[in-house]
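# sharing a sequence plus its predicted fold:
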Amino acid sequence: MVLKMSESAKPYFAMVCLQFGYAGMNLVTKVVLDGGMSHFVLVAYRNAFATAAIAPFALLSERKVRPKMTFPIFIQIFVLALLGPVIDQNLYYAGLRLTSPTFAGAATSIVPALTFIISIISRMEKVELRKVRFQAKVVGTLVIVVGAMLMILFNSPLINFLRSHLIRQASSSAGEDYLKATVFLLIASFSWASFFVLQAATLRRYSSHLSLSMMVCFMGTLQSTALGFVMEPNLSAWNIAFDMNLLASAYAGIMSSSIAYYVQGMMTKQKSAVFVTSFNPLIVIIVSIISFLILGQRLYLGGVLGMVILMVGVCAVLWGKKGDEEENSEDKFVEVIKCCKDCGNNSLSMPRIDEEVDVEMQSTKKDKMVVNLL
């Protein structure tokens, strides 16, 4: 029983650990972005480190089981690299530069809601309004959105910025930066949610998730490097030494790209895209606690209330997904029973039993004859 419980808890434990990695990435990259590093350069180096870290494992471990590359799969990998490493990471870092790790994590907490909506539109999630588990996922998604909005409003000067516009007062530049960052982060969240849904669809046709993660990182390196040279043509911006810039690039590439893509792909294959993104709101909670305990930042009542609401929403969505898994396992069990019944009624399998009975009867007759002779 203990072994079964530990096996069932592994996906949850892996996803929670992954959120700690993302939280650390937010804090480290915020330091280098404030130090003047271009986010275009950071994204390019991040994906280069990710490719170098994951390529040896993918090339060696999946060399015999890697599916054949086709043109439709190549197009999907190209789009995955565009959605994740290029659009999401660049816009996320742009928003992070203008705000704070807590605000960026709060704004991207809507990723589970967007993933759930996109999954329903693409028919990867069943719409069953009468079932409690589906209702729990819908309610949990709405609760996550409410918690994210509370975290956004109480961790930024957006309220004062909107109030100043309503009463026609001079607005602060910080409010304008936060409003611009909100737009960047919302677009990044939509791109990240689309990435998860497309990744789940691609894994159905290309089952080697480690090789898929490697190719997404490699394609993302090419795309982000091309974009970086267009946006940052000055070669001095690409200079990197053994400093915090190198540490941030390596950490983000190895932890938040190569390992994250592998774990998320594996969990998406086993569970679903909605399950994977349901843990995303934990990032802002972890960042808020670290900022309060280590960096000495203040925690406001609205922010704490938002974190509690986020946790309630996450638990509701995960409970609904757990119901999906139990129902799917029951359906598979029923199919196995039906299959066994069909095999039992199959006339082709009966002669084998009769032959065995005939052999046993013949052997007993021979034994009786030998006894009589003796």
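Here it is on my side, so go on.
# what are the ranges of the strands in this protein?
Along the chain, counting by DSSP state E, no stretch forms strands.
# quick one: low-confidence parts of it?
For the chain, the stretches with pLDDT under 70 are 1-5, 155-175, 323-374.
# what's the spacing between A260 and I144?
A260 sits 20 Å away from I144 when distances are taken as Cβ to Cβ, to the nearest Å. Glycine gets a C-beta too; all of them are placed from N, C-alpha and C.
# please apply the same query to P112.
Look at P112 and I144: by Cβ to Cβ, they are 6 Å apart.
# common neighbours of the two, please.
281, 313-314, 317 (Cβ atoms under 8 Å, 6 or more residues apart in numbering).
# pull out the buried members of these.
Among these, the ones that count as buried by 16 or more other Cβ atoms under 10 Å are 281, 313-314, 317.
# G105 against I290, yeah?
No. Between G105 and I290 there is no contact under Cβ atoms under 8 Å: 10.8 Å.
# of these two, who's got more company?
G105 (28 against 18; other Cβ atoms under 10 Å).
# tabulate the CA atom coordinates of stretch 176-196 in CSV.
Backbone C-alpha positions of stretch 176-196 (Å, rounded to 0.1, in the frame of the first residue of the first chain) are rendered in CSV as follows:
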residue,chain,number,x,y,z
GLU,A,176,2.3,52.8,-16.9
ASP,A,177,5.2,50.2,-16.6
TYR,A,178,2.9,47.9,-14.7
LEU,A,179,0.1,48.3,-17.2
LYS,A,180,2.5,47.6,-20.1
ALA,A,181,4.0,44.6,-18.3
THR,A,182,0.5,43.2,-17.6
VAL,A,183,-0.2,43.2,-21.4
PHE,A,184,3.2,41.4,-22.0
LEU,A,185,2.6,38.8,-19.3
LEU,A,186,-1.0,38.1,-20.4
ILE,A,187,0.2,37.4,-24.0
ALA,A,188,3.0,35.3,-22.6
SER,A,189,0.5,33.3,-20.5
PHE,A,190,-1.6,32.7,-23.6
SER,A,191,1.4,31.5,-25.5
TRP,A,192,2.6,29.3,-22.7
ALA,A,193,-0.9,27.7,-22.4
SER,A,194,-1.0,27.1,-26.1
PHE,A,195,2.4,25.5,-25.8
PHE,A,196,1.2,22.9,-23.3
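# between P112 and I144, who's got more neighbours?
Taking other Cβ under 10 Å, P112 and I144 do not tie; P112 has more neighbours (31 against 28).
# just give me the neighbour total for the nearest residue to the more buried one once chain neighbours are set aside.
Using Cβ to Cβ, 6 or more residues apart in numbering and skipping the chain neighbours, the partner closest in space to P112 is T277 (4.5 Å). As a burial measure, T277 scores 30 neighbours (other Cβ under 10 Å).
# quick one: T277 from M149, how far?
T277 sits 18 Å away from M149, going by Cβ to Cβ.
# could you do V143 as well?
Computed as Cβ to Cβ, the V143 to M149 distance reads 11 Å.
# compare the two (neighbour count), which wins?
More neighbours surround V143 than the other of V143 and M149, with 20 against 16 (other Cβ under 10 Å).
# how about the more buried one, nearest residue that isn't a chain neighbour?
Closest residue in space to V143, ignoring its immediate chain neighbours: G313 at 3.4 Å, by Cβ to Cβ, 6+ apart.
# I'd say the one you found and L282 touch.
No. The criterion here is Cβ under 8 Å, and G313 misses it with L282 at 11.2 Å.
# re the thing from before, could the shared contacts of P112 and I144 be laid out in a markdown table, adding distance to Y300?
Formatted as a markdown table, the shared contacts of P112 and I144 follow (distance: Cβ to Cβ, whole Å):
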| residue | distance to Y300 |
| --- | --- |
| P281 | 17 |
| G313 | 20 |
| V314 | 21 |
| V317 | 25 |
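# OK, contacts around C315?
G140.
# test my guess that I254 contacts T51.
No. Distance between I254 and T51: 10.5 Å, which falls outside the contact criterion (Cβ under 8 Å).
# how about S122, what does it touch?
Contact analysis of S122 by Cβ under 8 Å, 6+ apart lists 197, 201.
# for N26, that is, sorry about that
96, 101, 104-105, 283, 287.
# now swap in E62 and tell me
208, 210-211.
# for L305, same thing?
Going by Cβ under 8 Å, 6+ apart, L305 touches L150.
# where's it relative to A181, distance?
Look at L305 and A181: by Cβ to Cβ, they are 22 Å apart.
# S256 touches G21, doesn't it?
Yes. With contact defined as Cβ under 8 Å, S256 and G21 form a contacting pair (6.0 Å).
# which of the two has more neighbours?
Neighbour count, other Cβ under 10 Å: between S256 and G21, S256 has more, with 22 against 19.
# which one is the more buried one nearest to, not counting chain neighbours?
Per Cβ to Cβ, 6+ apart, closest to S256 is M25, 4.4 Å.
# any idea how far the one you found lies from L301?
Counting by Cβ to Cβ, the gap from M25 to L301 is 28 Å.
# neighbour count for the two, which is higher?
Neighbour count, other Cβ under 10 Å: between M25 and L301, M25 has more, with 22 against 8.
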